[in-house]
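**Q** Pasting a predicted model and its sequence here:
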Amino acid sequence: MPAVITKGTIEDAEVLSTLGAKTFYETFASHNTAEDMLQHIQQHFTPATIQKEFSEKGVQFFLARLDEEVAGYAKLRRTQKPHELYGLKHIELERIYVLQSFQGNRIGLLLMNECIQYARRKKYEILWLGVWEHNQKAIAFYKKLGFTVFSEHEFVLGTDKQNDYLMKLVL
């Protein structure tokens, strides 16, 4: 049975909190200190934080399920940044993660396609994202889908200042 993608709702806040913390940890724990990871997860992946994100204008979550189990998620949000996209109608793919145990099932591709379709339906011109400069697996995935690097910015994980590439897909 193929994975199913659904729109997230505020009732999914607890699931998204757990899923967000776990996928972020799986992806980045081996490259960062335990203290920085804990600080970031406590700031961004509590149920209360996720519930608050649902109230923000222009935020949309998508959940991926495979065999009735939640396998991954994506979060889109409207923002005024980055300045390089000023004057264009753009939306950020702020998060896209798949649990390691589900990777290889094309779930990331399904989530990405859902985000691209959503952005096109809403008449956005650009879908963009930030990706850690050392996350070569993700960078290769985005490039394969047509994303190109257009800038860089600082991302602070706990107390560690890191560099993200900003990548965009012209819709």
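**A** Done, it's in.
**Q** my guess is Pro47 meets Ser17, correct?
**A** Yes - judged on C-beta atoms under 8 Å, Pro47 makes contact with Ser17 at a distance of 4.5 Å. For every residue, glycine as well, the C-beta is placed using N, CA and C.
**Q** Please compare the two by neighbour count and tell me which comes out ahead.
**A** Legend: neighbour count by other C-beta atoms under 10 Å for Pro47 and Ser17, higher for Ser17 (19 against 13).
**Q** Am I right that the more buried one is in a helix?
**A** Yes - counting by DSSP: H, G, I helix; E, B strand; the rest coil, Ser17 is found in a helix.
**Q** Kindly confirm whether my reading is correct that it touches Thr46.
**A** Yes - look at Ser17 against Thr46 with C-beta under 8 Å: they come within range, at 6.0 Å.
**Q** And the residue nearest the centre of the chain, how close does it get to Ala13?
**A** By C-alpha atoms, centre = their mean, the chain has its centre lying nearest to Arg95, at 1.0 Å. To Ala13, Arg95 is 14 Å away according to C-beta to C-beta, to the nearest Å.
**Q** Quick one: the helices in this protein, in order.
**A** With DSSP state H as the criterion, the chain has helices at 13-28, 34-44, 47-55, 107-121, 136-144.
**Q** Among the ones you listed, which comes closest to Thr159?
**A** Among those, the nearest to Thr159 by C-beta to C-beta is helix 34-44 (6.0 Å).
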